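Enquirer: A predicted structure for the sequence below; I have some questions about it.
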Amino acid sequence: MTDEAPFFRTDWVFDNLDMLALRTAEHVVLTLIGVGVGVLIAFPLTLLIHRRRRLIGQVIGIAGILYAIPSLALFGLLIPVTGIGLVTAEIALVSYTLLILIRNGLAGLDGIAPEVLETATGMGYTRAQRLWRVELPLALPVIIAGIRIATVTTIGLVAVTALIGQGGLGFVIIQLGIRRDFDTAILVGVGLSILLAVIADRGLVLLERALTPWARAQTEGT
Amino acid sequence: MEFLGDVAAWFTDPANWTGRDAIPLRTAEHVMLSGISLLVGVLIALPLGVFIGHTGRWAGLVVAVTNAGRAVPSVGVLGIAYSLTLPFIAAAGLRGIGTLPTLIALTALAIPPIVVNAYIGVRDVERDTTEAARGMGMRDWQVLRRVELPLALPVILAGIRTASVQVIATATLGAIISAGGLGQYIVVGFAVRDFPMMFAGSLLVVALALTSEALFALAQRAAVSPGLRRASTRLGDTVAGLGL
């Protein structure tokens, strides 16, 4: 127990650098799968409800219900079906990205001025051309803002998957830290998780700037 | 399906309706943990957010802190609260009881979304409206109480709703440090491979979370000033889950 040991044990950190690097990498992979699959599901759904407005309520409603279900309960419901492991963890992680991604995607597409769309149509763009060459590029800053929120949220949520044998840095926080009353592991795990979130967020900002050179002046504030 | 039969049997087993592990008791614990934290969170965050929205002071700082706060894993907040309170809990002979750290963690998690939505809600009240109110001779606090707060109420409630989603979810995680509540069935059920109990506990948590969502949705609808109801239904829906 920690009663006589110093509050933060630097020696433990240096003795476990390999393990921490491995858990950090696992955290990154779990996040990438979660956000990646989330984007793959959210993208077509967003395009669908952008065209068929009547479906907005249903799709956002279902995504909202998924978002409101606590992760631990979702694990508990999934384990009898999908077992203990990566699939269950990722289903949960993906579920929580959908509301954020769909809502931001829709806000991005809805935020384009009608004059711009009319101009594109007037220039002879087909619907598909207009979507890929006009609407998506213009909506990109808001779409990427959604991906940023989803990524940062997922990095935080990955930790919980340590309870079902995954977890990345969550393994360090929960199994090595909380379950053994070991403060150093809790602090190191939380610190590295925050660091990952900050790096991912900044990285996506840079990606957005690279992809939207024309919008540089407007995106300074985001 | 046999498994669902086991789950049903768990719900009807009298042993799960009495004693330390009784379903009503665990539910009450969960509601208390979440409710107290949310209430304390509102008492701290609402005045702060309204002040920032009304005066415009500290806005940049608060938004930056809130965004940074999103990067902290909720289970990490729980872990840090646990590690900080552990010496006191041990000294008081309460080792193994995670109620206090869970309450602290839940309150800390509730504050950011409430502050941000209160700030945005008050800030986004039309300047024309507040100027008209001043022109009618209202004092500063009257403008706040009779114009800005009623108009901001749906957005403020959306913030409390977001906070409540996170608080109920993290209260479930409190079971890791023996805080009680419905998460106990899930954590213990998983540990001893009693999957019907784990599944039943998960159903109870989902029911609680969705009940809370439904109540907040109703409250948000009722909070829109009747004169504005038709015009702002869409706004209320959009703001309902800003994800802040």
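Expert: Here it is on my side, so go on. Numbers count the residues shown, from 1 in each chain, chains lettered A, B, ... in the order given.
Enquirer: got a list of what the most centrally placed residue in chain B touches?
Expert: Nearest to the mean C-alpha position of chain B, by CA atoms, centre = their mean, lies B:Ser164 at 1.9 Å. With contact set as CB atoms under 8 Å, 6 or more residues apart in numbering or on different chains, B:Ser164 has these partners: B:Ser34, B:Leu38, B:Ala110, B:Ser212, B:Phe216. (Glycine included, C-beta is placed from N, CA and C.)
Enquirer: list the buried ones in the helix of greatest length in chain A?
Expert: Criterion DSSP state H: the longest helix present in chain A is helix A:17-51. Residues of helix A:17-51 classed as buried by neighbour count (16 or more other CB atoms under 10 Å in any protein chain shown): A:20, A:23-24, A:26-28, A:30-31, A:33-35, A:37-39, A:41-42, A:45-47, A:49-50.
Enquirer: cool, and stretch B:54-62?
Expert: Result for stretch B:54-62 [16+ other CB under 10 Å]: buried residues B:His54, B:Val62.
Enquirer: which residues are contacting it?
Expert: Stretch B:54-62 is contacted by residues B:Leu48, B:Gly49, B:Phe51, B:Ile52, B:Val115, B:Val116, B:Tyr119, B:Val122, B:Arg123, B:Leu144, B:Glu148 when judged by CB under 8 Å, 6+ apart.
Enquirer: burial of residue 145, as a residue count?
Expert: You didn't pick a chain, so chain A it is. For A:Ala145, the neighbour count with other CB atoms under 10 Å in any protein chain shown is 19.
Enquirer: not quite, I wanted chain B
Expert: 12.
Enquirer: ok so, going back, is the longest helix of chain A up against chain B anywhere?
Expert: No - taking CB under 8 Å from any CB of the partner chain as the criterion, helix A:17-51 and chain B are apart, separated by no less than 10.0 Å.
Enquirer: How about stretch A:148-162?
Expert: Yes - Stretch A:148-162 is in contact with chain B by CB under 8 Å from any CB, via A:Ile149, A:Val152, A:Thr153, A:Ile155, A:Gly156, A:Leu157, A:Val158, A:Ala159, A:Val160, A:Ala162.
Enquirer: Dump that stretch to CSV, restricted to CA.
Expert: Presented in CSV, the C-alpha positions along stretch A:148-162 are these (Å, rounded to 0.1, in the frame of the first residue of the first chain):
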residue,chain,number,x,y,z
ARG,A,148,-11.8,16.3,-33.1
ILE,A,149,-14.5,16.1,-30.4
ALA,A,150,-15.1,12.4,-31.2
THR,A,151,-11.4,11.6,-31.0
VAL,A,152,-10.8,13.4,-27.7
THR,A,153,-13.9,11.8,-26.2
THR,A,154,-12.9,8.3,-27.5
ILE,A,155,-9.4,8.7,-26.0
GLY,A,156,-11.1,9.3,-22.7
LEU,A,157,-13.5,6.4,-23.1
VAL,A,158,-10.9,3.8,-24.2
ALA,A,159,-9.7,3.7,-20.6
VAL,A,160,-13.0,2.1,-19.5
THR,A,161,-12.4,-0.9,-21.8
ALA,A,162,-9.7,-2.0,-19.4
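Enquirer: in what helix or strand does A:Ile84 lie?
Expert: Following DSSP states H and E, one finds A:Ile84 outside all helices and strands.
Enquirer: Surely it and A:Gly165 touch.
Expert: Yes - at 5.8 Å, A:Ile84 counts as touching A:Gly165 under the criterion of CB atoms under 8 Å.
Enquirer: higher neighbour count, the two?
Expert: A:Ile84 (17 against 13).
Enquirer: Quick check: closest non-adjacent residue to that one.
Expert: In this structure, A:Ile84 finds its nearest non-sequential neighbour in A:Ile164, 5.2 Å apart by CB to CB, 6 or more residues apart in numbering or on different chains.
Enquirer: Helices of chain B, start to end?
Expert: Using DSSP H, helices in chain B cover B:2-12, B:23-55, B:59-70, B:74-91, B:99-123, B:127-135, B:140-143, B:149-173, B:183-191, B:195-223, B:229-240.
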